[in-house]
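1. I'd like to go over a predicted model; first the sequence, then the structure.
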Amino acid sequence: MTVSQTLRLLIWIGKECGVSEGYEDYKYLYWGNLQFESLVVGQEVSFFKRTVCVKACPVWKEGEPAPKIDCKPNGYFKTCDTTLDRKESKKILTYNSSPLGDVLCQGIGIDMPVAAVSGGIDSIRDSLIRGVTNNVPKLAACIFLSVLIGIVVMLLIRFCAGPIIWALIIIVVLLLTIIGTRLVSKYIMIPNRPFTDNFMLFVGLALSGAGVGLGIFIILNFNNIKIVIGIFKATGQFVAENPWLIIFTVGKMIFDVFYQCLWYMMLIWLFTIGDKVATDHNPYGSIQAPTYIETLKVYILFFGGWVQFTILQSLYMLNIMATALWYFKPLVADLPIIQTSLSWTYLYHLGSAAFGATFLLLVRVLGWFLCRNEDNEKTLCGKFCCCCCQCIDVIIQHMTKHAYGQIALSGKDFCEAAGDSFKLCMRNAIITGSVMSLRAVLIFLGKVVIFLIPLIVGIFWISSNNWGIENPILAYVALFLIAYTVSSGFMTVWTAGTDGMIQMYCVDEELFGGSKYAPQLLQEARADILASETVSYTHLTLPTIYSV
């Protein structure tokens, strides 16, 4: 495939230039209107509506009249009349240009599109760059503010997780009960109820029953909820004391962006190799590649996804390793958390992370093929298989994350560690399920707070009224990415910490009976609610971390 055909594939030009019948000789796409307002402002995206197909790219020199253009009129440009006035919106603006491949005309000496501002023509590109460079100190301050708010959120979880969780539980129970009771009282007295009223009555009964059931569950598991709150507090303290984990998480997210761009570029290159053959169903033609190229596509797709999944799983294992070392500080006080967790993860257990990534990727690929197949989407069996794959995907994600906790403790291989972690979670199902359910609320609230406060402050701080000279759009995008990355980094580390903390606490309870090595916050949470007798489980082996 030629370079021009690749360009035509990469940029969706939205025109028939050089392709459709009657346009074979008019193969160049030319921007006939460069007004910034006509391209960006408005309720519809009009970037390509201001274009026209031309036979040759116009050539114009300063001081000369506007040359004639051989073009194909369209819905926006009714004629091929030209003009040198940038404010003339319905005539084709003339500027010096040269062909880029055989696809479009690029301006010479100007940036497309350009914005008309007082004092002359200023390129949007330069304006956007100035919007970022002039606000670098403000963006740096927003980064510091995001990190500071993230630490504050972790400390709030450390000190206020109890009131937050109990308030959320009470609100949910009251809302379910009140809404359900109101629906029942409204529809139960209606004689000869139609189907919709019966359905609403059923919804009311279900909501009120869920509210009462949740309340009874909370009362019966009051002590377990206290332990869950203790786990949340301990994890918040862990993240606040180990902010270096945020750097690794944010670095991984930045690497993901560059890696995916490189991966997609390689895929685009592979998918554009071959001969373009027109068919009855596709008059524009489809690309037919050699067999070895089709095979290479599959390998690149799978290998690229596997590398990304492996990096993600290894970073998650790193967080859980650090959690284990922090939890059992009395036993490993001489080991630095950073160096030890890095060496244990990437020198000894990277293969386990890669195996978990392979397992997860295979299920993800299988689900993708089942859910994307048009024949399966039309049948009940296909939809059921797709749903099952998605459920298995979620289960395997949780299994792999919990397996890393057992790997951190005992150094076992992935499969054995996954089995041990599953049995451990089943023996402590209430605490594990409560942590999984309640932490979702804290994750949402934490992300919202860490994301919104720096974003709002930054927007008001960076705002500029002189958009022609300093366009803050790129600065806003950078601010959005900064706030999102930092918030995701903090809450990702906190989530991994809770996964690790559950494993450490349950093993500590079962092996030593009394959370002998638990952090002070967990010991305080269980001091007045758990029995003092020692619980012994002979089927568990002593974790290797204890013998360090």
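-> Thanks, I have the structure now.
2. switch to C-alpha atoms for all contacts and neighbour counts from now on
-> Fine.
3. Excluding chain neighbours, what is closest to the residue positioned nearest the centre of the chain?
-> By Cα atoms, centre = their mean, the chain has its centre lying nearest to Ser488, at 8.6 Å. Distances taken as Cα to Cα, 6 or more residues apart in numbering place Lys447 nearest to Ser488, at 6.6 Å, with adjacent residues excluded.
4. Now do the contacts for that neighbour.
-> Shown in contact with Lys447 (Cα atoms under 8 Å, 6 or more residues apart in numbering): Ser487, Ser488, Met491.
5. what's the burial count for the last one?
-> Same thing as Met491. When neighbours are defined as other Cα atoms under 10 Å, Met491 has 24 of them.
6. That one: what's it in contact with?
-> Ile443, Gly446, Lys447.
7. Where does it fall, secondary structure wise?
-> Taking DSSP states H and E as the criterion, Met491 maps to helix 473-512.
8. List the buried residues for that helix?
-> For helix 473-512, burial by neighbour count (16 or more other Cα atoms under 10 Å) applies to 473-476, 479-480, 482-511.
9. what is the rounded mean pLDDT of that helix?
-> Helix 473-512 carries an average pLDDT of 83.
10. Kindly report the same for stretch 168-187.
-> Stretch 168-187 comes out at a mean pLDDT of 87.
11. related to what we said a few turns ago, which is the next helix or strand following the helix holding Met491?
-> Taking DSSP H and E, what comes next after helix 473-512 is helix 520-527.
12. What angle do helix 473-512 and that following helix make with each other?
-> Between helix 520-527 and helix 473-512, the angle comes out at 50 degrees (axes from the mean of the first three to the mean of the last three Cα atoms, to 10 degrees).
13. And the average pLDDT for helix 520-527 is what?
-> Averaging pLDDT along helix 520-527 yields 73.
14. could you say what helices and strands it packs with?
-> helix 222-241 (3 or more Cα pairs under 8 Å, 6 or more residues apart in numbering; DSSP states H and E).
15. what angle do the helix it packs on and helix 473-512 make?
-> Using the same axes, to 10 degrees: helix 222-241 against helix 473-512 is 130 degrees.
16. and helix 222-241, what does it pack onto?
-> Using 3+ Cα pairs under 8 Å, 6+ apart: helix 222-241 touches helix 136-187, helix 429-462, helix 473-512, helix 520-527.
17. How far off centre is it?
-> Averaged C-alpha coordinates place helix 222-241 at 26 Å from its chain's average position (Cα atoms, centre = their mean, to the nearest Å).
18. cool, and stretch 413-420?
-> Chain-centre distance of stretch 413-420: 28 Å, with Cα atoms, centre = their mean.
19. Over that stretch, what's the mean pLDDT, rounded is fine.
-> What stretch 413-420 shows for mean pLDDT is 86.
20. Report the buried residues of it.
-> Buried-residue list, stretch 413-420, by 16+ other Cα under 10 Å: Asp413, Phe414, Ala417, Ala418, Asp420.
21. quick one on the thing from earlier: output the contacts of Lys447 in TSV, with distance to Asn221 appended to each entry.
-> Below are these laid out as TSV (distance: Cα to Cα, whole Å):
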residue	distance to Asn221
Ser487	32
Ser488	31
Met491	26
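22. Name the nearest of the residues you listed relative to Gly304.
-> Ser488 (23.0 Å; Cα to Cα).
23. Quick check: that closest one vs Gln523, distance?
-> 29 Å (Cα to Cα, to the nearest Å).
24. Likewise for Tyr187?
-> Taking Cα to Cα, one finds Tyr187 at 50 Å from Gln523.
25. Ala354 touches Thr310, doesn't it?
-> Yes - the criterion here is Cα atoms under 8 Å, and Ala354 meets it with Thr310 at 4.9 Å.
26. can you give me phi and psi for Pro99?
-> With angles defined as degrees, to the nearest 10, Pro99 sits at phi -70, psi 140.
27. In three-state terms, label the nearest residue to it once chain neighbours are set aside for me.
-> Using Cα to Cα, 6+ apart and skipping the chain neighbours, the partner closest in space to Pro99 is Cys105 (4.5 Å). When classified by DSSP: H, G, I helix; E, B strand; the rest coil, Cys105 comes out as strand.
28. Cys105: how many residues sit nearby?
-> Here the number of neighbours of Cys105 (other Cα under 10 Å) works out to 22.
29. where does Gly305 land on pLDDT?
-> Predicted confidence (pLDDT) for Gly305: 78.
30. ok, back up a step: for Lys90, see how far away the residue nearest to the centre of the chain is.
-> Distance from Ser488 to Lys90, counting by Cα to Cα: 47 Å.
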